[in-house]
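**Student:** My questions are about this predicted structure, shown below with the sequence.
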Amino acid sequence: MGKVLGDVLGLAAGVAVSPLPIVAIIIVLATPRGRLNGLVFATGWVVGLSALGVVMLLIGGHESADSHGKPADWVGALKLALGLALVAFAARLWRHRPADATQAQLPRWMAAIDGFTPVKIFLLALLLSAGNLKNAPLTIAAAASISSSGLPVGQQIAALAIFVVIASLGLLTPLGVFLVLGERAKNMLGNWKEWAARHNMAIMAVLFFVFGLKLLGDGIDVLVS
């Protein structure tokens, strides 16, 4: 269990540092029903990560490790492919990052969040968690590591739950600040939103590159061992 957690906690931290989802929940918290909408967004995020992780555990099943505990070759190939994809995304983001961070702009869809119903907010959170170009590969890789560990099903579920909790800290932090401080948190959260928006592409490029290299190394290790 300790080895598995060591493999996945770094990936969970990579998911937790997600500038756009953090900006999105801060915008959600500023809506008229900010408390309710924030809780709905956080729920959608957790459901998205959990569902993606559970699907991977089911796909992995009991065939992800051989009799000696070595992960199956498909786990190594999957990590290798995900690593290559992340490195490619990193290069693309780095080339297209704004030269002046103050000129960075948020996606246009964020301007419409104010008018979202709770159902749309829930679906948005699902998309930003399970459908995110960074979060989805990291979650898939973490679930593959868990499924290939040979642990009993109960411990695999517990490991996935720990991954989801750590991966959600980036969102839960502004939500917690808002729930505790209420209106007094608006200025603080506004500053966080501005900083995250300005540096989103640079942060994402670095994270893509670092975790892409990690998955590449993990995949090669599985395939050659």
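**Tutor:** Arrived safely. Nothing here was measured: the structure is a model prediction, and the numbers come from that model.
**Student:** what ranges of this structure fall below the confidence cut-off?
**Tutor:** Residue ranges of the chain with pLDDT under 70: 61-72, 100-105.
**Student:** For the lengthiest helix in it, list every residue counted as buried.
**Tutor:** If you go by DSSP state H, the chain has its longest helix at helix 186-224. Using 16 or more other CB atoms under 10 Å as the test for burial, helix 186-224 gives 189, 192-193, 196-198, 200-205, 207-209, 211-212, 214-216, 218-219, 222. Backbone N, C-alpha and C define where each C-beta goes, glycine included.
**Student:** Summarise which helices and strands it is packed against.
**Tutor:** helix 2-16, helix 19-29, helix 73-96, helix 135-147, helix 169-181 (3 or more CB pairs under 8 Å, 6 or more residues apart in numbering; DSSP states H and E).
**Student:** how does it look with 7 Å?
**Tutor:** Applying 3 or more CB pairs under 7 Å, 6 or more residues apart in numbering; DSSP states H and E, one finds that helix 186-224 contacts helix 2-16, helix 19-29, helix 73-96, helix 169-181.
**Student:** can you tell which of the ones you listed is closest to residue 152?
**Tutor:** Closest of the helices and strands packed on helix 186-224 to residue 152 is helix 2-16, at 11.7 Å (criterion: CB to CB).
**Student:** just the angle between that closest one and helix 19-29, please?
**Tutor:** Helix 2-16 runs at 60 degrees relative to helix 19-29, counting by axes from the mean of the first three to the mean of the last three CA atoms, to 10 degrees.
**Student:** which outside residues touch helix 2-16?
**Tutor:** Helix 2-16 has contacts (CB atoms under 7 Å, 6 or more residues apart in numbering) with 135, 138-139, 141-142, 145-146, 149, 151, 159, 162-163, 166-170, 207, 211.
**Student:** Among these, name the buried ones.
**Tutor:** Buried members of the contacts of helix 2-16, counted by 16+ other CB under 10 Å: 135, 138-139, 141-142, 145-146, 149, 151, 159, 162-163, 166-168, 170, 207, 211.
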